[in-house]
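Asks: have a look at this prediction, sequence included:
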Amino acid sequence: MANEKTHTEQHEFKAEVKQLLNILVHSLYTHKEIFLRELISNASDALDKLRFESNRGTKIVDNELPLEIAISLDNKNNTITIEDTGIGLTRDELIANIGTIAKSGSADFIKQLAENKQSADNIIGKFGVGFYSVFMVASEVEIISKSFKEDSAAIHWKSDGLGSYEIEELEDAKKRGTKIIIHLKEEEKEFTEKYRIESTIKKHSNFINFPIKVENEQINKVSAIWREPKTSVTKEQYNEFYKFLTYDNDEPLDIIHRSVDAPIQFNTLLFIPSRNMDMFGFNREDYGLDLYVRRVLIQHQNKELLPEYLSFIKGVVDSEDLPLNISRETLQENIIFTKISQSVTAQVLSHLDKMAKDEKEKFGKFWKEHNRIFKLGYSDYANREKYAELLRFNSSECKETTDFTSLAEYAERMKKDQKEIYYISGTNRASVEVNPHLEIFKNKGIEVLYLFDPLDEFALNSLMKYKDYEMKSVDQADLSNLDKFENIEKNEEKAEELSKDDSLHFDSLMSKIKEILGDRVKEVRISKRLQDSPACLVNPDGSMSATMQKIMQTMSKDSSIPQKILEVNRDHNLMRNLLKVYKSNPTDEYITNVAEQLYESSLLMEGYLTDPHKLVNRINDLLNKSSDWYTKLKDM
Ligand code: ADP
Ligand code: MG
């Protein structure tokens, strides 16, 4: 140093600092590059503070200096120099801030080490250890700093990080700000390579809102656009940032950019990708929002800011109020963090709601891509009302299988006095529409939601109600609730009323069918729901819907066939003919064949029939017999 020194003082580090330094110097920590992130973050803080002082009109030394961070590399002398034009430090501030640990984060770090006797390796990454991390790579560090305050002298600080530091005042004029000269350990020479420094900056500090220059070349091209007013950010900038964040080559489907001021101050810049990035596939862990505190990245892909069902959202949350050195472990217990997380969730839900209302086509794309993950939101009790509004289903009112309706739209179309929302599950529209359970609803013109995804039923079941309307599977609906609605097709010829006598015969026919099917059915009874089909199976009252039952069985690897009720359509031509057969010979083999066939056909419809051999043989036999009848009838 060519400076004339006034006087040099020797200071001991405080005990906890010594302890921390000892750990850092001796740790085998592999991500040593983070020292750069920490020093840049400190420089950025110092620049932020300066900007604040300047904004509030404080008189500032060297006011004309540009606000920036400059890094120079010297591989001959094996040094890195990081220089900022921030607020700088006075002598007393330097002793207070660098000689002791004021922040709880660092104290926590030491406490953890002491209590758990963990190796530094395991926990170092979880704490912001800040300035001292430079001693992971440095054999000696010099700080030359000059405060923004008028009449404060420049100071020179020097330490090998072993136990003490030297401090002296410099006589000659220095410019405002802080310069840190890092004398690298021999084995850390790689940090004098420009590409190494550049890539580290791009990885950890790219969105620092001040220029970071390495050998006079600005590295961080993208600014913290989430902190800028919406009006000043172009579509291109949004897209560029989105690409940087996600590596997705497509443009995002939508952007949510918000600045919240009260009660907690934070900015969000969120993106809805235009394609589902396969959260169920290989990239299971590749989700979460980047959490920044005052432009400094605290955690990449934080998984708690948004609930799992919104994990398709990408983006950044930047808080003003969280402490910079907050540990990731305690984040969730932090009340500010919790409030931010609730607020971000609400932002996303209300944005989607608005999209559903104002941009139907866009919402349709969102639903098509992200519905599967979104449906998991049935567990978000606090937001269930908003969640319910966003659900979409195909329904009997839709023209195409790709169309959908909301519960609100369903409710609007409901019949006067209808108290329930009806749904039916199936693999596709064609299979649902031939389901016998649907017949009575079709007949009365009551809309039924078509659920093609097993998650749909979980979603509806856990909601239980939409507004005051209960969710009911068509096979569980209390059909007496439908009595009040008239049939829309009245012209259909009604089957003739059975005489009292025949009624009794029909009852014993049903007993006969029960006898044939035995314990395979719980009961055989006359159906109120059937119109076109001769028979169907229903669950005994109060138990779950057929689909739910099926899902539960699959989950418990239960392949048994549940005992159900066989409902028969007394007005159906087949049943009337069967009655005739029964009356002439109650033990006719034909009755057995028909009963077996009706039962197995219903099983087939519900997906329970595993062995179709008997069924196919029986059909062939019946076809064979009917061919005789047909040729006779047509006189062939
Ligand atoms: P933290 O950043 O969490 O406060 P650090 O160990 O990183 O912890 O830094 C300790 C303190 O040293 C800072 O709070 C700040 O007061 C001071 N400091 C560090 N670097 C700079 C700098 N470049 N300019 C001004 N002050 C600095
Ligand atoms: Mg710091």
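Replies: The structure has been received and is ready for your questions. Ligands and ions are numbered 1, 2, ... in the order given.

Asks: how much space between the residue in the chain that ligand 2 sits nearest to and residue 618?
Replies: For the chain and ligand 2, the shortest gap (CB to the ion) falls at residue 130, measuring 3.6 Å. Bear in mind the C-beta positions are built from the backbone N, C-alpha and C, glycine included. Applying CB to CB, to the nearest Å, the value for residue 130 to residue 618 is 80 Å.

Asks: from what I can see residue 314 touches residue 246, true?
Replies: Yes: contact criterion CB atoms under 8 Å: residue 314 and residue 246 qualify, at 5.1 Å.

Asks: quickly list what's touching both of those two.
Replies: Counting by CB atoms under 8 Å, 6 or more residues apart in numbering, the shared contacts of residue 314 and residue 246 are 271, 273.

Asks: where exactly do the helices run in the stretch 101-250 of the chain?
Replies: Taking DSSP state H, counting those that start in this stretch as the criterion, the stretch 101-250 of the chain carries its helices at 104-116, 120-123, 194-204, 235-246.

Asks: out of those helices, which gets the lowest mean score?
Replies: Among the helices of the stretch 101-250 of the chain, helix 120-123 carries the lowest mean pLDDT, a mean of 46.

Asks: now name the helix or strand holding whatever residue of the stretch 401-550 of the chain ends up closest to ligand 1.
Replies: Closest residue of the stretch 401-550 of the chain to ligand 1, CB to the nearest ligand atom: residue 462 (43.7 Å). Here residue 462 sits within helix 454-463, counting by DSSP states H and E.

Asks: what mean pLDDT does that helix have?
Replies: 90.

Asks: residues making contact with the helix or strand encompassing residue 410?
Replies: Here residue 410, judged by DSSP H and E, is contained in helix 407-413. The contact list for helix 407-413 (CB under 8 Å, 6+ apart) reads 388, 389, 391, 395, 397, 421, 447, 449, 466, 467, 469.

Asks: helices or strands up against the next helix or strand after it?
Replies: Of the helices and strands lying after helix 407-413 in sequence (DSSP H and E), the nearest is strand 420-425. Packing partners of strand 420-425 (3 or more CB pairs under 8 Å, 6 or more residues apart in numbering; DSSP states H and E): helix 407-413, strand 448-451, helix 454-463, strand 469-473.

Asks: returning to that earlier point: tell me how many other residues crowd the residue of the chain closest to ligand 2.
Replies: Using other CB atoms under 10 Å as the criterion, residue 130 is surrounded by 22 other residues.

Asks: next: residue 97.
Replies: Applying other CB under 10 Å, we find 15 residues neighbouring residue 97.

Asks: cool, and residue 141?
Replies: Residues within reach of residue 141, counting by other CB under 10 Å, total 22.

Asks: bridged to it, which residues?
Replies: Beta-bridge partners for residue 141, by DSSP bridges, are residue 159, residue 182.

Asks: how far away is it from residue 134?
Replies: For residue 141 relative to residue 134 (CB to CB), the value is 6 Å.

Asks: which outside residues touch stretch 169-180?
Replies: Residues outside stretch 169-180 that contact it (CB under 8 Å, 6+ apart) are 3-7, 39, 43, 46, 60-62, 65, 81-89, 91, 134, 141-148, 153-156.

Asks: rounded mean pLDDT for it, please.
Replies: 90.

Asks: quick one: is it near ligand 2?
Replies: No: for stretch 169-180, no contact with ligand 2 is found by CB under 5 Å from the ion; the gap never falls below 12.0 Å.

Asks: can I get that stretch in CSV, CA atoms only?
Replies: As requested, the backbone C-alpha atoms of stretch 169-180 are provided in CSV (Å, rounded to 0.1, in the frame of the first residue of the first chain):
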residue,chain,number,x,y,z
GLU,A,169,-7.5,4.7,8.6
LEU,A,170,-6.2,5.8,5.1
GLU,A,171,-5.1,9.3,4.6
ASP,A,172,-5.5,9.8,0.9
ALA,A,173,-8.8,10.3,-0.8
LYS,A,174,-10.8,7.2,-1.8
LYS,A,175,-14.0,7.0,-3.6
ARG,A,176,-17.2,6.1,-1.9
GLY,A,177,-18.1,2.4,-1.5
THR,A,178,-16.4,-0.9,-0.6
LYS,A,179,-13.7,-2.8,-2.3
ILE,A,180,-12.9,-6.3,-1.2
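
Asks: is it anywhere near ligand 1?
Replies: Yes: using CB under 6 Å from any ligand atom, stretch 169-180 reaches ligand 1 at residue 178.

Asks: buried sites along that stretch?
Replies: Residues 169, 170, 174, 176, 177, 178, 179, 180 are the ones in stretch 169-180 that count as buried (16 or more other CB atoms under 10 Å).

Asks: show me what contacts residue 579?
Replies: The contact partners of residue 579, by CB under 8 Å, 6+ apart, come to 502, 505, 506, 509.

Asks: state the distance from it to residue 313.
Replies: Distance from residue 579 to residue 313, counting by CB to CB: 62 Å.

Asks: residue 212 now?
Replies: In terms of CB to CB, residue 212 sits 28 Å off from residue 313.

Asks: just to revisit the earlier point, could you dump the helices and strands packed on strand 420-425 to a markdown table with distance to residue 266 and mean neighbour count?
Replies: As requested, the helices and strands packed on strand 420-425 are exported to a markdown table (distance: least, CB to CB, whole Å; neighbours: other CB atoms under 10 Å):
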| stretch | distance to residue 266 | mean neighbour count |
| --- | --- | --- |
| helix 407-413 | 31 | 15 |
| strand 448-451 | 38 | 25 |
| helix 454-463 | 30 | 19 |
| strand 469-473 | 37 | 18 |
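
Asks: how about these in TSV, adding distance to residue 544?
Replies: Putting the helices and strands packed on strand 420-425 into TSV (distance: least, CB to CB, whole Å) gives the following:
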stretch	distance to residue 544
helix 407-413	21
strand 448-451	14
helix 454-463	8
strand 469-473	8
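
Asks: so which of those gets nearest residue 356?
Replies: Closest approach to residue 356 among those (CB to CB): helix 407-413, 9.4 Å.
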